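>>> no sequence for this one, just the structure:
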Ligand SMILES: Nc1nc2c(ncn2[C@@H]2O[C@H](COP(=O)(O)OP(=O)(O)OP(=O)(O)O)[C@@H](O)[C@H]2O)c(=O)[nH]1
Ligand SMILES: [K+]
Ligand SMILES: [Mg+2]
């Protein structure tokens, strides 16, 4: 018999209300035993909940959602408890003693919903993103991905591939006849080549999705004492990094997550770069340089009252920032810096932030398009593109083989949304969800 799963689905305790959710065949009898009788479907009903010995557990709103019209497609129940640790503890304890009841694993409710056809895989992943969304851009992106737009797009591409196969197979069937129109094949292959390009272009859009989901990465680089850590603290509005007048204070990589007008930005402070550093500092400098390579934007910082430029090779977009404007007396030479600021007085910080915001916005404009938003999606898309490429390139191969490549490409696409067997992927995908989801 299928187990009934349960979990605290609301956040940390204590809280005003705590929602315990359950799903599975034992739901109705559990609600009945707890509340005395089963409430009408989908009607919030105030009930006194008791354990098996009749001891009162809590007075709470309870809901019953009979399957298949529920979140998971199974019978589901919700207990809206008083959000105390002992209350929730007592309820979970009582449920755990029921036969075939157990605590849900991470993402298990959503997994059951997926298996019952409530949504496809990308929609489930988008739901997980919606729960972790911290900024407006992340929220909107996750919501739009929770619609069927991936399934629509990949479905359309799969249909093209399947139709093409059908045409090739038709050609095979008639190949012993004289007047098979060779031009049909030509036109078909052109379309397939176009599809390969679309797949590649679409896969490349992952970078935009990554910036939205993970954050736009800004790395501050510069000589020791330029004021990098001071800038990080000013931007984060708290003392994340130690600031002293000693050059070489920061040895490690420090990060602050900012929400700049709805976009997640990760600012990284690094060890000051200089010749002949100490042992620990040298390791810090290596880290600084490797972070700089992954950055979306570098802030190359100098003390503008005493500039010591650093010279490292990089290809990333960068801005030159002159700090300690308050010490420089007057604005530094025109053109030497993109921005002159004082991490101490806050002068110039707003316009620097505005610039960072506009660059981050530019990097995320693609958010309204359908984009792959997991590494997993990209791998399958590139797999599909490679199969299509093999089909296109194998001009001298038998048509059967080329048709087979197209079938493999269509399957790769189907795996993204879970249209095609994905059993082996489910553990990895749903374990990234939180408990109770
Ligand atoms: N007057 C003035 N002093 C500043 C400003 N920004 C930083 N400082 C001072 O400069 C010194 C170095 O600042 P840090 O923020 O530690 O510099 P850093 O670049 O992180 O230095 P390292 O970690 O050693 O590479 C400290 O004494 C700060 O108080 C500024 O805008 N104006
Ligand atoms: K310092
Ligand atoms: Mg520092």
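Nice, I can see it. As the structure is a prediction and not an experimental result, all values here were calculated from the model. Ligands and ions are numbered 1, 2, ... in the order given.
>>> residue of the stretch 101-250 of the chain closest to ligand 2, please.
Nearest residue of the stretch 101-250 of the chain to ligand 2 (Cβ to the ion) works out as residue 249 at 3.6 Å. For every residue, glycine as well, the C-beta is placed using N, CA and C.
>>> what score does that residue have for pLDDT?
At residue 249, the pLDDT value in this model is 95.
>>> list the contacts for it?
Shown in contact with residue 249 (Cβ atoms under 8 Å, 6 or more residues apart in numbering): 224, 225, 229, 242, 243, 272.
>>> ok, now residue 116?
Residue 116 touches 67, 68, 72, 73, 74, counting by Cβ under 8 Å, 6+ apart.
>>> rerun that using 6 Å as the cut-off
residue 73 (Cβ atoms under 6 Å, 6 or more residues apart in numbering).
>>> where does it land on pLDDT?
So residue 116 comes in at 94 (pLDDT).
>>> got the phi and psi for it?
With angles defined as degrees, to the nearest 10, residue 116 sits at phi -90, psi 10.
>>> repeat that for residue 309.
phi -70, psi 150.
>>> can you check residue 245 too?
Its backbone dihedrals place residue 245 at phi -80, psi 10, with angles given as degrees, to the nearest 10.
>>> circling back: for the contacts of residue 249, which one is nearest residue 162?
residue 229 (57.5 Å; Cβ to Cβ).
>>> tell me the contacts of that closest one?
Residue 229 is in contact with 241, 243, 250, 269, counting by Cβ under 6 Å, 6+ apart.
>>> tell me which two in these are the farthest apart.
243 and 269 (10.0 Å).
>>> ok, those two, which is more surrounded?
residue 269 (28 against 20; other Cβ atoms under 10 Å).
>>> could you find the closest non-adjacent residue to that one?
Nearest non-adjacent residue to residue 269, counting by Cβ to Cβ, 6 or more residues apart in numbering: residue 232, 3.9 Å away.
>>> contact partners for the residue of the stretch 1-150 of the chain found nearest ligand 3?
Nearest residue of the stretch 1-150 of the chain to ligand 3 (Cβ to the ion) works out as residue 134 at 26.0 Å. Contact analysis of residue 134 by Cβ under 6 Å, 6+ apart lists nothing.
>>> burial of residue 335, as a residue count?
The tally of other residues near residue 335 (other Cβ under 10 Å) stands at 7.
>>> which SS state does it fall under?
Classification of residue 335 using DSSP: H, G, I helix; E, B strand; the rest coil returns coil.
>>> list, one by one, the residues from the chain near ligand 3.
228, 229, 249, 250 (Cβ under 5 Å from the ion).
>>> any chance of those in a markdown table, plus secondary structure?
Below are these laid out as a markdown table (three-state DSSP):
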| residue | secondary structure |
| --- | --- |
| 228 | helix |
| 229 | helix |
| 249 | coil |
| 250 | coil |
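>>> okay, and whichever residue of the stretch 201-350 of the chain sits closest to ligand 1 sits in which element?
Nearest residue of the stretch 201-350 of the chain to ligand 1 (Cβ to the nearest ligand atom) works out as residue 272 at 2.5 Å. Residue 272 is part of no helix or strand, with elements assigned from DSSP states H and E.
>>> so it sits against residue 221, correct?
No: here residue 272 does not reach residue 221: they are 8.8 Å apart, not a contact under Cβ atoms under 6 Å.
>>> which residue ranges form the strands in the stretch 1-150 of the chain?
4-8, 15-23, 45-50, 56-65, 76-83, 101-103 (DSSP state E, counting those that start in this stretch).
>>> okay, the ones you listed in a markdown table with mean neighbour count next?
As requested, the strands of the stretch 1-150 of the chain are arranged in a markdown table below (neighbours: other Cβ atoms under 10 Å):
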| stretch | mean neighbour count |
| --- | --- |
| strand 4-8 | 25 |
| strand 15-23 | 20 |
| strand 45-50 | 16 |
| strand 56-65 | 18 |
| strand 76-83 | 22 |
| strand 101-103 | 16 |
